[in-house]
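**Student:** Take a look and give me a structure for this.
(2 chains, ligands or ions: 1)
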Amino acid sequence: MDEKNPVNGYNVHTLKDRREMLDAIGLSSIDDLFSQIPSEIRLHRPLNLPPAQSEWELDKRLHALAAQNATTRTHLSLLGGGAYEHYIPAVVPTLTARGEYLTAYTPYQPEMSQGILRVLHDFQIVMGRMLGLPAVNCSVYDGATALAEAAWMACSITNRRHVVVTEALWPEYSQVLNTYMRGRNVTVSVIPTDAMTGSMDLEKLAGSLKDTPAAAVLTQTPNGYGVLEPIEHISKMCHSCGTLSNVSCYPMMLGCLKAPGKQGADIVTCEGQSLGLALNGGGPYLGVMATHEDNIKFLPGRIVGECDDLKMEKALALVKESREQHVARDKATSHICSNQALLAMRILVYLSAVGEHGFQKISRLNASKAHYICERLCELPGVRRTHTGHFFNEFLLDLPCETAPLLVTLQKQGIFGGIDFSRLYPNSDRKLLLAVTETKSKTELDRITDVFRRAIAELGGVIRS
Amino acid sequence: MKTQSIFPKSRPGVSGASIIDADFDTGPTDASWFDPADVREDSIGLPEMSEVDVVRHFTNLSRAAHGVDNGPYPLGSCTMKYNPKRNDVLSTLDGFAHAHPRQPEPTLQGLWDMMLELQEFIAEITGMDFVSLQPAAGAHGEFAGLLAIRRHFEQLHHDRNIILIPDSAHGTNPASAAMVGYQCKIIPTTSDGMMDLDAMEHHLDQRVAGLMLTNPSTLGLFDENIQKIAEKIHANGSLLYYDGANLNAIMGITRPGDMGFDVVHINTHKTLSTPHGGGGPGAGPVGVKAFLEKYLPAPVIRRIHGRAAPDDNRPMSAGRVKSFFGHVEVLLRAYCYILTNGADGLRTASENAVLNANYMRARLADLLPPVFAQRCMHECLLSGGSLKVNAFDFVKRLIDFGVHPPTLVGAGCVHFAKEYDAAMLIEPTESESRISLDFIIEQFRRVAREAAVAPYMIETAPHTTDVAKIIKDQNAWIQLLEATKY
Ligand SMILES: Cc1ncc(COP(=O)(O)O)c(C=O)c1O
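**Tutor:** Numbers count the residues shown, from 1 in each chain, chains lettered A, B, ... in the order given. Okay, the predicted model is just below:
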């Protein structure tokens, strides 16, 4: 092989180093290092990749790509559907970008990782308080896999292989649930929502629970229509059948509303994105899971706990590992190994930075801004809320016109006006799902209302009776 | 000093970065918004701190942690290479960071273009025909890949429900197989570190869906029988799955696709330099040969009418494995890494990774003899059997000298059979210069010298950390050895 030495800042050896190291090993060429690899399966050509780029070339290329995306900063966005634009204080990315956190592996060596373990331990505590149940793991991949993992947990706890789920899950969540349950041989039955209130049809739920013993009822609140579910009631119904109440929630609401864990839920999961994580075109986000202490042995993923060091002083380490894949292997509660630890750290920094009162205030701002614009929009001719159930900051509207052209018109005015509901659920024409967060000022909300008014008039909305 | 929890530092009434908006009532929650029974009455229990105190708290905690940025991290199987800073910056540009996944598709053209290109890069590096970027980590890639295999046999109406897995496989392999509904059969390793071919053949029947293999293996060896293995597996109608955790040894040198693998996952947080963040997030792209493409999770990014776009219309897909499209921010870093390196750079990375591991192996051989005679690839398994102290204590002392310990049995990342209970898996990666390697080697020697004269210093190590040696590991150690017996 010819001697070459690409200079890209990542190659740490000079040609002289390489030769001397080969000498130390007793080899004469780099090629000898790979002599175990049979020639027939070697790649006898360079990989077909673009030529190496210097940092400034790369910088231009990435900026050019980024410039091809519109964002929630270039447009006024009312998009939600499981991912929300919330303000992220500068301390959040700044602190978690520290190399000691960013470039560490999982804290397998607790003695030299107490800082990370402390952050993750406090994350578990803070999410336990938020969700209302004390046993929390260090995160799973996202809100959807958290829901699916929690469903399997319930199956293991109850020894049942059937779960009941609301129809009003985010569609991605129900797809992920189905993927996860199929392999585990768990059947899934779907409970419709009440057409008027938009929340779970409790009669149908009662019937289903009576028919087939279920491991859990999986509820999402607010549900896919933005409607808050009666967690306390659903949980009571579950418990009378030996069924667990699993709740997937939007944590931003918890500044205004009681924690599901305090309303009888047995396993609470959430998508943590709204707590200090950037939208990132869909990821990485993180799934949080909380449950009763008794259920810890069924939790997937890493758990940080207290233990003693040699001097019998308190220290932190990854604990209860007998649940995990590296010990239990095919009997593990889950396969998860790498999780979303850095994002868990972000959540703790976010919640610490905004603090108790700050968080409650932000939560209320979400609700009050959403209720404000909902009222304004419902004053427009032919526009009304689809459901009567309470909502937090996301709600579904019936429109007097087709949804798609309305969104196009709004987009031309620099507004992402919400989600065309037919993209999420079939048979939902002329419906629009909107989410409003603390990031929109009154002036902006009034402008959005104005643009809606004109757009609907332009589209000649036929007013329904 | 011991680390402190943030909660006792809370001083109610002090708060940092809250948002004020005078136009909206920030008083108590409006009674009409919610069912009164649902309204929160008590506080949550979040800390209240000034911004400067938050900054000091987390900055000080970071001093009780160790990343690649701090020093050598030869943690076998984890490929703790340098995480380029340019990638931190370029993966968080506004055009990506603030993009909402439910924006109209044409408003995210930069995202689709990047993803399509990255799919093609990874397909080229692994020798596969098609790649999905959806999985969140290596284990998740395994899950998606195994789902594709299961779908394939469902379509053929083959009732195959067994996956063969070598005993040296990572724990995620059997765990993912179980989640897909497979039963695992474990194949032993021969004394020269190769998967036992006879044992494999013994298990190979019409119920076997596939074999999951890491090559190079978690013992750091390249399985020379790979062509024979592929031939036998395929002749049986089964498929071959590649756990790409060790791809860092072979970029540009050989490709799983050319070895005969049908499905591959890679861990971007190993091979492609994305930071591991103290546990994650990673990303676990999964690649397949053309005949399995239709089973990959929906959506995938393809060229539709000349433009890259997500394709959700996949009736044969084995299902979705997570929300949205994948770990975009992480994938951007992997994309930057590939572009920075080009073909030569990637090959050099693998060459240097293998060179470094062999250099350490050679220079430590008198002290820590290699477990296997065969030359190692990007990591070496060395025996601590002749040390004066046990290997667990030995590596803890390295911490005092600024070196992250190598991987030991039961350390949470790899699985070794009981025979190797005193072995250390050392993976220096290509990021360590010769000076750094010599430094690491000298620390191993220094601890060995100390073991001869002052073993108690080692048994009670580490001495420079916030806490002393943690006992739970000692018990866990024994339990793990018990638990990992087959
Ligand atoms: C050989 C091997 N396979 C699979 C995995 C799991 O990968 P991840 O942590 O990305 O899920 C690892 C990670 O340690 C590994 O070393």
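**Student:** can I see the domain layout of chain A?
**Tutor:** Chain A is divided into the following domains under automatic domain parsing: A:1-48, A:76-86+A:355-458, A:91-350.
**Student:** so where's the stretch 1-150 of chain B shaky on pLDDT?
**Tutor:** Scanning the stretch 1-150 of chain B for pLDDT under 70 picks out B:1, B:16-18, B:25-26.
**Student:** circling back: could you point out which of the domains of chain A sits nearest the ligand?
**Tutor:** The ligand lies closest to domain A:91-350 among these, at 3.2 Å (Cβ to the nearest ligand atom). C-beta coordinates here come from the backbone N, C-alpha and C atoms, glycine included.
**Student:** returning to that earlier point: quickly compare the domains of chain A and say which is most buried.
**Tutor:** When these are scored by mean count of other Cβ atoms under 10 Å in any protein chain shown, the highest mean neighbour count falls to domain A:91-350 (a mean of 23).
**Student:** Between the two ends of it, how far is it?
**Tutor:** 8 Å (Cα to Cα, to the nearest Å).
**Student:** would CSV of the domains of chain A with mean pLDDT and distance to chain B be doable?
**Tutor:** Listed next are the domains of chain A as CSV, based on pLDDT from 0 to 100; distance: least, Cβ to the nearest Cβ, whole Å:
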stretch, mean pLDDT, distance to chain B
domain A:1-48, 89, 4
domain A:76-86+A:355-458, 96, 3
domain A:91-350, 97, 3
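**Student:** Out of the ones you listed, flag the one nearest residue B:451.
**Tutor:** Among these, domain A:91-350 comes nearest to residue B:451, with 17.6 Å by Cβ to Cβ.
**Student:** In contact with the residue nearest the centre of chain A: list those residues for me.
**Tutor:** Central residue of chain A (Cα atoms, centre = their mean): residue A:271, 3.3 Å from the mean position. Applying Cβ atoms under 8 Å, 6 or more residues apart in numbering or on different chains to residue A:271 gives the contacts A:82-83, A:142-144, A:146, A:248, A:250-251, A:285-288, B:323.
**Student:** Could you list which of these belong to helices?
**Tutor:** Using DSSP state H, the subset of those located in helices is A:143, A:144, A:146.
**Student:** circling back: take the domains of chain A and write them to CSV, including distance to residue B:363.
**Tutor:** Formatted as CSV, those follow (distance: least, Cβ to Cβ, whole Å):
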stretch, distance to residue B:363
domain A:1-48, 6
domain A:76-86+A:355-458, 50
domain A:91-350, 23
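**Student:** Can you spell out which helices and strands pack onto the helix ranked longest in chain A?
**Tutor:** When chain A is scanned for its longest helix (criterion: DSSP H), the result is helix A:341-378. Applying 3 or more Cβ pairs under 8 Å, 6 or more residues apart in numbering or on different chains; DSSP states H and E, we find helix A:341-378 packed against helix A:91-96, helix A:99-102, helix A:114-131, strand A:384-385, strand A:394-398, strand A:431-435, helix A:442-458, helix B:51-62.
**Student:** just to revisit the earlier point, out of the domains of chain A, flag the one nearest residue B:403.
**Tutor:** domain A:91-350 (9.9 Å).
**Student:** Nice, that's everything, thank you.
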